[in-house]
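Enquirer: Structure for the following, please:
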Amino acid sequence: MWKDLVALWKLTKIYLKGKAGAILLGLFTSIIFSLTGLATPYITRFLIDVIFHANRGDLLLPLLIICGIILIILFFTGLISDYVLVNAFERAKLLMRHDLFRRLQKASVDFLSMQRSGELNYRIFGDTEAIQGFFNQLLIALPIDLLFIVVISSIMTNWNLRMALFVLAVLCLQVLVIIGFQKPLLAYALFQKGKAQFLSGFVVERFRNIQLTRTLNTEAVEADAFKSYLEELMGINVKAFMFRKFSELSVVLINNIWSFGILWYGGRLVLTGQITLGTLMAFLLIAGMLYPRIASVVGSVFSFQDVRVSLYRFLEYHQVMPAVHESPEAVELSLKEGRVVFENVWFGYKPGEPVLKGLSVTLEPRKITAVVGRSGVGKSTLARLLVRLYDPWEGRILIDGIDIRQVTLESLRGNVRYVVQGEFLFSGTIWDNICYGAGSCSKEEIIAAARMANAYDFIMQLPQGFYTRLGEGGLQLSSGEAQRVALARLFLINPKIVILDEPTSFLDPETENAIYQAIMDLKETATVIVIAHRPSTVKIADHIFVLDNGIVVEQGMHDELLGKRGIYAAIYTELYAHRYNL
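Expert: Below is the predicted model of the structure:
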């Protein structure tokens, strides 16, 4: 537990940095608020023992004025403390979510692909909410509660030592109850959050793939599965609630025994003349003030079990290492020609299982270079390494003679554009999707890019043209239309090096020819690398590399390679037969 408190304290120092003034102001006003509240037992004691008992009616008005002043102090100190603390802690929550989001953006593609989007969402929002909520308890509520437990205990000891000792004995009993319930509550909290996260991921995944669910006629199956998971979660929630309620009621029972004990023992002291009625009433009031403080401390300990779970889960993602690291001495990449060289590159996704084995190739500027090979030989891996989604185990990748590990990631990816097959479209307008990643863009540039991608005509036939809104993934568009929007995004950015993972895989022959012409125009200013799966794509290339078993086994022009009757000829024949169903 102490280790977790230390970890939580480190987070507070990170995310509340620069907010010390606000925290201290909030703490100060909260203390004033609580101290002012302690006036009530003293006022009650004075009212009974002095004004009523001594018949001092002349003191009623001054007492009323004092009460008014107390109410004003309570109002403004409560308002100020809440305002400054809410601002500080909400800012901390914002920074936590932003930091976790940024860290996950840099995590490896492999790690992210293994996570459900609903789970990512739950950790970014749900767990940070729980942690931030405890900041106030850790920094403000808990210290003030502990302080006032000491203050109130001192006051009660001064008034009557025996009654004070009785209250402290009950307090020790409450501590034992807290310790007894701590571990079971933590176990339930872990189980609850795990199930809730799973369900969040389940819902997001099912609705993201709703077309597949409907075409396979599995809606009823998925609905039944969801209900089953909900019933499991409901059972866990009920058990956790009842266990938590049992623990809370145990504390309440102990406090009720304490209150009845005070009333019984104090009543006897009043009857024997050892204390005044005003002292007994004041003691009951101040003892009543002690109970919420103790209950708050108990609640903090109980709630910390949930926070510990969120803390584990937050730190698990917070400590994920980036897939690649940017050197502190990294410089901006400024392309002159756009020549790409792979020098003896070794890389694999699993240790000891290389995909590329000493790959050495040169990709010439203002040329279309096709990379061909059967599935799994490393074609897409080559592209991922070039944009530094991963770094090679050995060897290096040069652009115009500069190792890409020596340049900033932003400048590298600003100059090298990787268009994956079936590139994702975001929710928003078509205009937003084309302009995504380009910063500011004019109407003329958007239209020109759409025309180059042969997307302008179909866009203008949509209800709102370029301002037609798309759902997540662009499900309203056909695969070919979505591909053309993605290509328009590429033509708008106009990078110096372009990697196309079969850019015409979803297009009809007429549109395919138009895209090929656009690619031919693109090579006038850029190095174009095409990962080829279609015979027509291969034929427009100026140079072809054939990958097999992680190395280049053949290279040359289309006709030249066909004449060798080697691996390329076999692959081309397979592509041609598949294309025309031969």
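
Enquirer: just the strands in the stretch 201-350 of the chain please.
Expert: Across the stretch 201-350 of the chain, reading from the start of the chain, the strands by DSSP state E, counting those that start in this stretch fall at 340-347.

Enquirer: so where's it uncertain?
Expert: 208-209, 211-212, 214-216, 255, 258, 302, 305 (pLDDT under 70).

Enquirer: 90 instead, please
Expert: Segments of the stretch 201-350 of the chain classed as low confidence (criterion: pLDDT under 90) are 201-330, 332-338, 348-350.

Enquirer: Show me the helices in it, by range?
Expert: Assigned by DSSP state H, counting those that start in this stretch, the stretch 201-350 of the chain shows helices spanning 210-215, 219-271, 277-318.

Enquirer: helices and strands around the longest one, which ones?
Expert: Same thing as helix 219-271. helix 161-208, helix 277-318 (3 or more C-beta pairs under 8 Å, 6 or more residues apart in numbering; DSSP states H and E). (Each C-beta comes from the backbone N, C-alpha and C, glycine too.)

Enquirer: Now do the first one: which elements does it pack against?
Expert: The one in question is helix 161-208. Packed against helix 161-208 by the contact rule (3+ C-beta pairs under 8 Å, 6+ apart) you find helix 117-122, helix 142-159, helix 219-271, helix 277-318.

Enquirer: ok now that helix, how far from the chain's centre?
Expert: 24 Å (C-alpha atoms, centre = their mean, to the nearest Å).

Enquirer: ok and that helix relative to helix 277-318, angle-wise?
Expert: 30 degrees (axes from the mean of the first three to the mean of the last three C-alpha atoms, to 10 degrees).

Enquirer: CSV for the helices and strands packed on helix 219-271, including distance to Phe134 and mean neighbour count?
Expert: Supplementary listing: those in CSV, determined by distance: least, C-beta to C-beta, whole Å; neighbours: other C-beta atoms under 10 Å:
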stretch, distance to Phe134, mean neighbour count
helix 161-208, 13, 16
helix 277-318, 4, 20
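
Enquirer: wait, which of the ones you listed is closest to Ile152?
Expert: Within these, the stretch nearest Ile152 is helix 277-318; the backing value is 4.7 Å (C-beta to C-beta).

Enquirer: tell me, how many neighbours does Tyr229 end up with?
Expert: Each residue near Tyr229 was counted by other C-beta atoms under 10 Å, and the total is 15.

Enquirer: ditto for Thr12
Expert: Here the number of neighbours of Thr12 (other C-beta under 10 Å) works out to 19.

Enquirer: With Arg405 instead?
Expert: Taking other C-beta under 10 Å as the neighbour definition, Arg405 ends up with a count of 17.

Enquirer: Put together TSV for the helices and strands packed on helix 161-208, with distance to Leu38 on each row.
Expert: As requested, the helices and strands packed on helix 161-208 are arranged in TSV below (distance: least, C-beta to C-beta, whole Å):
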stretch	distance to Leu38
helix 117-122	42
helix 142-159	7
helix 219-271	18
helix 277-318	7
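
Enquirer: Which among the helices and strands packed on helix 219-271 is found nearest to Arg56?
Expert: Using C-beta to C-beta as the criterion, the shortest distance between Arg56 and the helices and strands packed on helix 219-271 is 12.8 Å, found for helix 277-318.

Enquirer: Next, the angle from that closest one to helix 142-159.
Expert: Between helix 277-318 and helix 142-159, the angle formed by their directions is 160 degrees, by the same axes, to 10 degrees.

Enquirer: What is helix 277-318 packed up against?
Expert: Of the remaining helices and strands, those touching helix 277-318 by 3+ C-beta pairs under 8 Å, 6+ apart are helix 2-15, helix 39-46, helix 60-105, helix 128-136, helix 142-159, helix 161-208, helix 219-271.

Enquirer: Now the fifth one: buried residues?
Expert: Read that as helix 142-159. By neighbour count with 16 or more other C-beta atoms under 10 Å, helix 142-159 contains the buried residues 142, 144-145, 148-149, 151-153, 155-156, 159.

Enquirer: Ok, the second one next?
Expert: Of all the residues in helix 39-46, those buried under the rule 16+ other C-beta under 10 Å are 39-41, 43-46.

Enquirer: and which of the residues you listed is nearest Gly235?
Expert: Lowest distance from Gly235 to these (C-beta to C-beta) belongs to Thr40, with 44.8 Å.
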